[in-house]
Each structure stands twice: as C-alpha cells, then as structure tokens.
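S.K.: let me see the structure of the following:
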Amino acid sequence: MELILWRHAEADDGFPDAARKLTEKGVQQARNIAQWLKPRLPKNTRILVSPAKRTQQTALALSNNFETTLEVGTSTTADRVLAAASWPYEEGTILIVGHQPTLGNVAASLICPDRTGFSIKKGAIWWFSYKQNADTENTILRAVISPDIVKT
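M.R.: All right, here's what the predicted structure looks like:
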C-alpha cells in the first residue's frame, strides 16, 4: 500500500474555517503539485478529501473523482486518517488531502513509531528543513525522492 499525504494549498485567513478558500498563490500551488502527481499516480488511486473548501479546491486541481469524508477533516486525528485509509491493509494507493497538524501527526506516526533508525533506499533523498518562529520550532520533511521516481 502506498499513502500520499497532501496538505491543502495556501488559503485565506477568513472565517468560518470550513469556508476558507485558496488564495491565488494557493490555486497555483495546487496546480503545480497536481501536474507533478498526475503522471506518477497509479490509475486506480483512491483519493480521500476533507470537506473544507480549501481541501476540495486543492483536490480539484488533480481530479474531480474523490471521496469527501470527515475522517480526514479539520477535527480529525492521525488514527482516524489512517483508519479511513485502511493503513496498511488497503491494496493500491491512497491520496489524503487534508490539514496540518493532522497530516504531520500521520507522517510522524509512520516514520517514528518505536523505531531507532530508518531504512533509506540507495540513491534516495530525504529533504528536511528546520524553521523557528518566535514561539514554535518545526522540522519539515520537504520531499522524499527515490531514484525509481526520477527517470531521465
């Protein structure tokens, strides 16, 4: 099973939260990622999307063939997202279009559950960034690319 986590693109700061729309920059971000994903996604990828407007808009840049579910919505948990995806038991590929901090929690639970090390494929890159603001520190996983994805 493959699980792809896609955080919604940049959205306005309006309220109510569920009605927030993508900014112009966010629309372009969604298009760019969708363009990268389209040739790489397996044909029968299952797409689960939060009901929030910004996630719907993000997913629509890729496809209109997706399932809207509260299980990946703004008030969910990492465990609920993984259950909705049937991780790791589902066959095929699941793409989740959701929100932070939940998607970050999903990624952390997949990467760090009682493990002392990682197995990184030969020739692969894992690209991390670290950002510190006045009151928060964030380690960001920018990309994981294996050689079989990048073909020239």
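S.K.: show me this structure divided up by domain.
M.R.: Residue ranges for the domains of the chain, per automatic domain parsing: 2-118, 119-152.
S.K.: pLDDT of the last one, averaged?
M.R.: In this model, domain 119-152 carries a mean pLDDT of 78.
S.K.: circling back to that earlier point, mean neighbour count added to the domains of the chain, as JSON lines?
M.R.: C-beta: built from backbone N, CA, C; applies to glycine. Putting those into JSON lines (neighbours: other C-beta atoms under 10 Å) gives the following:
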{"stretch": "domain 2-118", "mean neighbour count": "16"}
{"stretch": "domain 119-152", "mean neighbour count": "10"}
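S.K.: can you give me the strands for the protein?
M.R.: 2-7, 46-49, 67-68, 93-98, 125-132, 137-145 (DSSP state E).
S.K.: who are the packing partners of the helix-or-strand element of the chain with minimal mean pLDDT?
M.R.: Ranking every helix and strand in the chain by mean pLDDT, DSSP states H and E puts strand 125-132 at the bottom, with a mean of 80. Helices and strands touching strand 125-132, as assessed by 3 or more C-beta pairs under 8 Å, 6 or more residues apart in numbering; DSSP states H and E, comprise strand 137-145.
S.K.: and for the strand it packs on, what's in contact with it?
M.R.: For strand 137-145, the external contacting residues (C-beta atoms under 8 Å, 6 or more residues apart in numbering) are 107, 111, 124-132.
S.K.: between the least confident helix or strand of the chain and strand 137-145, how many degrees?
M.R.: On the basis of axes from the mean of the first three to the mean of the last three C-alpha atoms, to 10 degrees, strand 125-132 is oriented at 160 degrees to strand 137-145.
S.K.: name the residues that touch strand 125-132?
M.R.: With C-beta under 8 Å, 6+ apart, strand 125-132 has contacts from 120, 137-145.
S.K.: try 6 Å this time
M.R.: Residues from elsewhere that reach strand 125-132, judged by C-beta atoms under 6 Å, 6 or more residues apart in numbering: 138-145.
S.K.: contacts only, for residue 46.
M.R.: Contacts of residue 46 (C-beta under 6 Å, 6+ apart): residue 94.
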